[in-house]
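[1] with the input below, show me the fold.
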Amino acid sequence: MNLFGVLHISESALVAERERAEVVTTNLANIDTTETPQGGPYRPMEVVFSTVPVGGAGTGAPEPMVDQAARGVRVVNVVQDEVAPVERYEPGNPHANRQGYVAYPDINPAEQMADLMDAARAYELNATAVQATKNMIQSSIDLLR
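    The predicted structure is shown next:
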């Protein structure tokens, strides 16, 4: 694999982790949303990742220089979590049902924060890998002078 293929892999991970962080922050922002335009409480979302091959076409590398086992990552879907809402007894709430219960999204803030920290760390690691690869490319250019 050439260094540009490494950059492509890190770039794909940066994009995927950014989208993951956006989904988590949306979940956290809607932790108390009891009514959505679709009806009912907000449904937490999750990202689904998939691997993608790193080919010679996108990297500018000739086919023999491409590692066929190298894989990048991408978000293939953002899906709703099918967990049931949590009901709280709040008879004065305008969204309460006839029994006085209000349906809230079942979002665990500690889980979401851990997921957000994981996405931030993965993003940081890939940004560091991009910088290290850029340094290697610059060193190669300096050697050729």
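[2] and the longest helix belonging to the chain, which residues are buried?
    As assigned by DSSP state H, the longest helix anywhere in the chain is helix 109-144. Neighbour counts over helix 109-144 (16 or more other CB atoms under 10 Å) mark 112, 115, 116, 119, 122, 123, 126, 129, 130, 133 as buried. Quick note: C-beta positions are derived from backbone N, CA and C, even for glycine.
[3] lowest-pLDDT helix or strand in the chain?
    Lowest by mean pLDDT, DSSP states H and E among the helices and strands of the chain is helix 56-59, with a mean of 48.
[4] how about the contacts made by residue 91?
    Going by CB atoms under 8 Å, 6 or more residues apart in numbering, residue 91 touches residue 100.
[5] distance check, it against residue 21.
    37 Å (CB to CB, to the nearest Å).
[6] thinking again about what came up before, tell me the helices and strands packed up against the longest helix of the chain.
    With contacts taken as 3 or more CB pairs under 8 Å, 6 or more residues apart in numbering; DSSP states H and E, helix 109-144 sits against helix 3-29.
[7] next secondary structure after the helix it packs on?
    strand 45-53 (DSSP states H and E).
[8] residue 51 contacts residue 70, correct?
    No - with contact defined as CB atoms under 8 Å, residue 51 does not count as touching residue 70 (9.7 Å).
[9] quick one, which of those two is more surrounded?
    residue 70 (17 against 12; other CB atoms under 10 Å).
[10] what about the closest residue to the more buried one other than its chain neighbours, neighbour count?
    Once flanking residues are discounted, residue 70 sits nearest to residue 54: 4.3 Å by CB to CB, 6 or more residues apart in numbering. As a burial measure, residue 54 scores 24 neighbours (other CB under 10 Å).
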